[in-house]
Every structure is written in C-alpha cells, then in structure tokens.
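> Provide a 3D model corresponding to the input given below.
(2 chains)
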There are 2 protein chains.
Amino acid sequence: MELRDACFSQEFRSQLELLMRVRRDVRRFRTDPVDEAVLSRCLDAFRFAPSVGLSEPWRILRVDSPSARDAALRNFEAANAEALKGYSGERAETYSQLKLSGMREAPVQLAVYCDDSTTKGQRLGAATMPEMRKYSVVTAVTLFWLALRAEGLGLGWVSVLDPDQLNRDLDAPEDWALIGYFCVGHPEELSMTPELETKGWETRYPALQMETR
Amino acid sequence: MELRDACFSQEFRSQLELLMRVRRDVRRFRTDPVDEAVLSRCLDAFRFAPSVGLSEPWRILRVDSPSARDAALRNFEAANAEALKGYSGERAETYSQLKLSGMREAPVQLAVYCDDSTTKGQRLGAATMPEMRKYSVVTAVTLFWLALRAEGLGLGWVSVLDPDQLNRDLDAPEDWALIGYFCVGHPEELSMTPELETKGWETRYPALQMETR
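Numbering: from 1, shown residues only, chains lettered A, B, ... in the order given. Next up is the predicted model:
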C-alpha cells in the first residue's frame, strides 16, 4: 500500500457509510470459531489508532479459560439482575426481554483496558485532560469494530458489569481501567437498526444535536 | 443502499486499512474553506455511531465567531505554555518545536461534548459504568474522523486546554463534559507516520500489548 493510493473513490465512501450503518452492537452470535488469522488482522486496527502523545495505552486480556469466562458471565448476570431492579412496570418488562450480552455464545472474548500509569507519551496532551488516554483506547476499539464488520464478524460491547470485580477476577494490574468487555464472533443476523430500537427501548434522534457559537 | 450489499470485498478491506493508516491527527491545515455539503455528510457519521442504551449523548458546538475562536485559541496557548514548563532539557526543546493545534488555520472548529444529564437511554448499560456515555461520544468522533479522511479532509483533536475555562467561554451547559476541541480542514500533507514519531517525541510499540487469561 502506497501513500499515493490514499485518494478514496465515491464508491469506497458509499461502502464505508454502509459499513458504519450495519455495524451494530451484536449480542446474538453463532458459536462457530473465528479464524485466528482474520482476528489477528482485525486486531491490527489497534495499532493504527490515534493515541494521545502516542501513549498507546491499550492493554488487552483475551479471556479464554472456562474459569475466567465463568467469572465474567456471573459478573454480568449479577449486574444485569441489579439493573433490572431499577426499572418498574412496562419498562422493567421490556428490559427483562432484552438480550444484553452474547457471553454464552461468542467464541472470542476480550477485556480491554487503559493503562493509566503508562509513561509512554510523556503526558503530552493529557495534562489537563487525563481522560484522553481512555478516549484513545475507545478510538482503537472503534477501528477494531469496523475491521471486524468488514470481515463479516460482529462485536458486542458489554458494560453491564462490576468493573472492580472483573479486574480482580482477571487479575488485571491495579492501574488499568476497564474500557469494556467485548464479545467477538459471527453474528446471527445483519441489521441496519439497533436492537434497542427494534425492541422499543429507545428511539433515535431525527437530527444531530448541534448549535453555533 | 441495501442490507444485502453489506458483504465487503477484499479490495474494500484493503482500502479501509489504508484509510486507517493515513488517518492522522492533523495540525497543519490549508486555510481554504470546507464544502458545507461534504461536512454535513461527514457529520452524519455521528448518527451511525453506537451509543450506550441508545442514549446518543453527543452534543456539538460549532465554534464560528471570532470571539469564541479567540477564547479557545488563548486557552490552548496558555495550557501549552504551562505544559512546556513540565519538561526540561532536550525534552522541553522537542516539545517547544511541536505544532499541537491547527486552531489558527482550520476553517471549521467544533467543541464536542457529552451530555451526562441525558435521560435518553434510561441508564441502560451505564449504571455500573457511567463513563460509557463519554465513550459513546468518542466512538462517534472516530467515525467522523474516518468519514472526513475518506473525503480528503483532516481532523485534529486538541486536548491541551483547560476544559472548565473553555466551557465557560463557549457557554456550554453545566452537565456537558468536554470530549475534545476539533479542527477540521484540508490537510497540508499526507502521511502514514504520526508527527510525534517523525519529530522524535515517541516511538510506536512493535506489537500489540495482549495477554491471555
């Protein structure tokens, strides 16, 4: 790949928009394995991501062992049951019918962290906004998400979790902050509509929320 | 665009990788204007972004007036001078030679916020990890960044700023958290290498930081 090829066509831009539109947060996975070479190619997206001061603060724990997966699943189930208690009536009924994680089915599961103790980058850009390190990790996850989808794979971001408990269960270093627990696999179906919209949890804004100063 | 077209070719994936590789955080802009129709198309990326609970917490202030731009620029310059004091010797010399914002040149400037008071999404997915709302805004910015680059435009993320001061100067609502100040325009040049690497501030890891549990 050469720099001189970095002029993108109208056709590419249309496909890129389609990729963004069908991205989805996936909770329904088939259980067949993910090709390791494809996964590895998608993980390269982390290395192309922007990071404040070139700090590259992303750290990944690949959760493979049955004991680690079981601890993560129990964590989700407890947090999800607790969250349900916060709703009542019809809202509780809708919540209880949502599938909010594919942790029982997804063949690949990753806990992604931000190492807030890293000295890489020498604090550049993070002195007044130290949260920029975490945001760097989120940009990397977003690129990974698109790369997976372009390969026909899906990603589900699980945040219904007690992060402290997960970090202890996965023996994550103290200075690492959990960004999310991610399920990766072949999605059962394709859609342009978020499941939370289909199931009547929430609707999307008709337009972007923007003002001028 | 139809859902059945959402099967992406090897050629598309190569171009997507190239797009990620040439993305860059841009600080050197030409001063010629950005086509408003193109900008609007790129801003659509926010609407395709994932958001926790479908909360869509992104809020954008487009900074157009000379007084608001001047306040933002003075804010950056003060924070940058303060940051320089934190380095000494060769490191301070290198820092002082970096160009960390294109705020004097960029034709379009946006302050992007997260509305942490939104009730949209009903706290779904954000009960144990409320930071998920901010991360949702960061995913949207990342998609916007790629959309801009695919149109030949560049984005620069300025975080060397006092967020409280900026929020006061831009009269942002109290519950909004600044995610970043963004410069948009035509980049002066293309590169696959971060400027912080070219200028000797920091190097990139040779491989991804990943362990197994």
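
> most centrally placed residue in chain A?
A:Trp157 (3.9 Å; Cα atoms, centre = their mean).

> quick check: that one touching A:Gly180?
Yes - using Cβ atoms under 8 Å, A:Trp157 is in contact with A:Gly180, at 4.9 Å. Every residue, glycine included, has its C-beta placed from N, CA and C.

> gap between the two ends of stretch A:97-116?
For stretch A:97-116, the first-to-last residue distance is 37 Å (Cα to Cα, to the nearest Å).

> now swap in stretch A:49-64 and tell me
First residue to last in stretch A:49-64 (Cα to Cα) measures 25 Å.

> is any residue of that stretch near chain B?
Yes - using Cβ under 8 Å from any Cβ of the partner chain, we find that stretch A:49-64 touches chain B at A:49-50, A:52-56, A:58-64.

> next one: that stretch to chain centre, how far?
13 Å (Cα atoms, centre = their mean, to the nearest Å).

> just stretch A:41-49 next, same as before
14 Å.

> quick one: contacts of that stretch?
Residues from elsewhere that reach stretch A:41-49 (Cβ atoms under 8 Å, 6 or more residues apart in numbering or on different chains): A:58, A:60, A:136, A:139-140, A:143-144, A:146-148, A:151, A:153, B:17, B:20-21, B:23, B:204-205, B:208, B:210.

> which among those end up buried?
Buried by 16 or more other Cβ atoms under 10 Å in any protein chain shown: A:58, A:60, A:136, A:139-140, A:143-144, A:146-148, A:151, A:153, B:17, B:20-21, B:23, B:208, out of the contacts of stretch A:41-49.

> so which of the residues you listed are in helices?
A:Ser136, A:Thr139, A:Ala140, A:Leu143, A:Phe144, A:Leu146, A:Ala147, A:Leu148, B:Glu17, B:Met20, B:Arg21 (DSSP state H).

> which residues touch the residue nearest to the centre of chain A?
A:Asp25, A:Val141, A:Gly180, A:Tyr181, A:Phe182, B:Pro50.

> so which of the residues you listed would you say is closest to B:Glu36?
B:Glu36 lies nearest to B:Pro50 out of these, by Cβ to Cβ, at 26.6 Å.

> these two touch, right, the closest one and A:Arg21?
No - using Cβ under 8 Å, B:Pro50 is not in contact with A:Arg21; the gap is 11.7 Å.

> export the ones in helices among the buried ones among the contacts of stretch A:41-49 to a markdown table and tack on pLDDT and distance to A:Arg123?
Shown next, in a markdown table, are those (pLDDT from 0 to 100; distance: Cβ to Cβ, whole Å):
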| residue | pLDDT | distance to A:Arg123 |
| --- | --- | --- |
| A:Ser136 | 98 | 13 |
| A:Thr139 | 98 | 18 |
| A:Ala140 | 98 | 19 |
| A:Leu143 | 98 | 24 |
| A:Phe144 | 98 | 26 |
| A:Leu146 | 98 | 29 |
| A:Ala147 | 98 | 29 |
| A:Leu148 | 98 | 32 |
| B:Glu17 | 97 | 30 |
| B:Met20 | 98 | 26 |
| B:Arg21 | 96 | 26 |
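
> can you lay out these as a markdown table showing distance to B:Arg69?
Shown next, in a markdown table, are these (distance: Cβ to Cβ, whole Å):
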| residue | distance to B:Arg69 |
| --- | --- |
| A:Ser136 | 26 |
| A:Thr139 | 25 |
| A:Ala140 | 30 |
| A:Leu143 | 30 |
| A:Phe144 | 35 |
| A:Leu146 | 32 |
| A:Ala147 | 36 |
| A:Leu148 | 39 |
| B:Glu17 | 35 |
| B:Met20 | 30 |
| B:Arg21 | 31 |
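
> which stretches of chain A aren't confidently modelled?
The model of chain A has pLDDT under 70 over residues A:1-2, A:4-5.

> and the helices in chain A?
A:10-21, A:36-48, A:66-85, A:89-97, A:132-150, A:163-169, A:195-198.

> flag every buried residue along the second one.
If I follow you right, that is helix A:36-48. A:Leu39, A:Arg41, A:Cys42, A:Leu43, A:Ala45, A:Phe46, A:Arg47, A:Phe48.

> and which of those residues is nearest A:His186?
Out of these, the member with the shortest distance to A:His186 (by Cβ to Cβ) is A:Leu39, at 11.8 Å.
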